[in-house]
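> Sequence plus predicted model, see below.
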Amino acid sequence: MTDLPLVRLQEGRERRVRNGHPWIYSNEIQMTPAVKALPPGGLVRVEDAQGTALGTFGFNPHTLIAARVMSRDPRVTVDTGLLATRLRRALDLRQRLFPTPHYRLIHAEADGFPGLVVDRYGDILSVQLNTAMMEALRAPLLAALREVVQPRAIVLRNDSPSRTLEGLELGSETAFAEDGVDLTQPVEILENGGRFLVDVLEGQKTGWFYDQRDNRAAAARMAGGGRVLDVYTYAGGFGVQAGLAGATQIVLVDRSRPALDRGLAAAELNGVKNVSAMQGDGVFVMDQLAGDKERFDLVIADPPAFVKSKKDLNVGLRGYRKMIRAAASVVAPGGSLLVASCSHAVDMEAFTNEMRAGLAKAGRSGRILRQAGAGADHPVHPFLPESAYLKAILLQLD
């Protein structure tokens, strides 16, 4: 595609992208009037200051991350065929990793689709187009998804705040659905031997959090014969899997009544008994339980992101410290605690520091059993280590 618009880098600004980084920032580009006038999301040919081609990129002149690599080949044709080839590669990987079709199928740059998220719920796909380039490629992308995966329905969950940064409108819609598909009803998925219910139209993010799959399994191994408190439960993922592993009593906590109802429905679906729900703020509920001298053999605190952007970092870190202090206060001696953060701006070192501070405030100590991130269906681009957003720490407390 030699007729693509040309975007040229400033002198000496090519090393990082030439060495494999998939992004180019706006302050690295020669922002001429012609370049500034290019439409957001269009494909461009990027060259260094000497005119050496660096590849084909999706370009947005209005964002800090101005260019995202689509191919290192400056002559590539980006069409349904190319997208289908990459989809087949991603599908093959997931089919090797998981026995059932319930996983994140596309995880953005790491799978060769900058800013695209596709979660698979059997024959239903939930899609987020989070960059102007993916929005511009909507038609060939949907065609490729239908060709490769052959779903019965595709839902576009384009309500992510990241779209606002790209100058895109927010909203959700059903891109395609076969006759007889009722998306207003929960979709059943399988994870770690358990059955769960996903609201693909109104649930958080794309409807389910596959990233915690391995951490749910690790926590469940600590649950046998004990009492479990699953805080910020969302749809019962941690608590119900703990019940399947032999927990004798489970308390689900969330401020959302629909989330609690889905968690209770999942418990019933799996035949897990002695499950109750408490609606309210996680820290408030844990402090209330601590005041009532309630103790649990396994406590999970997996909240929504406390840090939405770097300006919220200090407040968010204090929030994690407060949460961990409250959670540690309701862990029985010898019991286990899993705490997690999905905030991109908080790295594992910072989260671990808040974990220590929270334990100290609760007067607890113990041992770290496991520090981990997301499951293998959330791969990390080797030159984007900051995209490893999920942190989870499993401890046993004295």
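Cool, got the structure.

> Let me know the average pLDDT across stretch 378-396.
Mean per-residue pLDDT for stretch 378-396: 94.

> what does stretch 62-73 give?
97.

> Would you mind measuring the gap between the ends of that stretch?
24 Å (Cα to Cα, to the nearest Å).

> Next secondary structure after the lowest-mean-pLDDT helix or strand in the chain?
Every helix and strand in the chain was compared by mean pLDDT, DSSP states H and E; the lowest is helix 162-165, with a mean of 92. Next along the chain after helix 162-165, taking DSSP states H and E as the criterion, comes strand 171-177.

> just checking, what packs against that next one?
helix 138-148, strand 153-158 (3 or more Cβ pairs under 8 Å, 6 or more residues apart in numbering; DSSP states H and E). Bear in mind the C-beta positions are built from the backbone N, C-alpha and C, glycine included.

> Determine which stretch of the ones you listed is the most buried.
Among the helices and strands packed on strand 171-177, ranked by average contacts under mean count of other Cβ atoms under 10 Å, first place goes to strand 153-158 (a mean of 21).

> Keeping just the C-alphas, turn it into CSV.
In CSV, the C-alpha atoms belonging to strand 153-158 read as follows (Å, rounded to 0.1, in the frame of the first residue of the first chain):
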residue,chain,number,x,y,z
ALA,A,153,-23.6,-13.3,18.0
ILE,A,154,-21.1,-10.4,18.3
VAL,A,155,-21.7,-7.7,20.9
LEU,A,156,-19.7,-4.4,20.7
ARG,A,157,-19.0,-3.2,24.3
ASN,A,158,-17.6,0.2,23.2
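
> tell me the angle that strand makes with strand 171-177.
160 degrees (axes from the mean of the first three to the mean of the last three Cα atoms, to 10 degrees).

> partners of strand 153-158 in the sheet?
In the sheet containing strand 153-158, its partner strands are strand 124-129 (parallel), strand 171-177 (antiparallel), by DSSP bridges.

> next SSE after the first one?
Scanning forward in sequence from strand 124-129 by DSSP H and E, the next helix or strand is helix 132-136.

> What of the longest one?
Towards the C-terminus, the helix or strand next in line after strand 171-177, according to DSSP H and E, is strand 187-191.

> Can you list the buried residues in that next one?
187, 189, 191 (16 or more other Cβ atoms under 10 Å).

> Can I get the longest strand along the chain in PDB? Just the C-alpha atoms.
Criterion DSSP state E: the longest strand present in the chain is strand 331-341. Only the C-alpha atoms of strand 331-341 are listed here, as PDB (Å, rounded to 0.1, in the frame of the first residue of the first chain):
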ATOM      1  CA  VAL A 331      -8.400 -13.600  58.300                       C
ATOM      2  CA  ALA A 332      -8.300 -16.400  60.900                       C
ATOM      3  CA  PRO A 333      -4.800 -17.300  62.300                       C
ATOM      4  CA  GLY A 334      -3.300 -19.600  59.800                       C
ATOM      5  CA  GLY A 335      -5.800 -18.600  57.100                       C
ATOM      6  CA  SER A 336      -5.200 -17.300  53.700                       C
ATOM      7  CA  LEU A 337      -5.600 -13.900  52.000                       C
ATOM      8  CA  LEU A 338      -5.600 -13.000  48.300                       C
ATOM      9  CA  VAL A 339      -5.400  -9.400  47.400                       C
ATOM     10  CA  ALA A 340      -5.400  -8.000  43.800                       C
ATOM     11  CA  SER A 341      -5.100  -4.800  41.800                       C
END
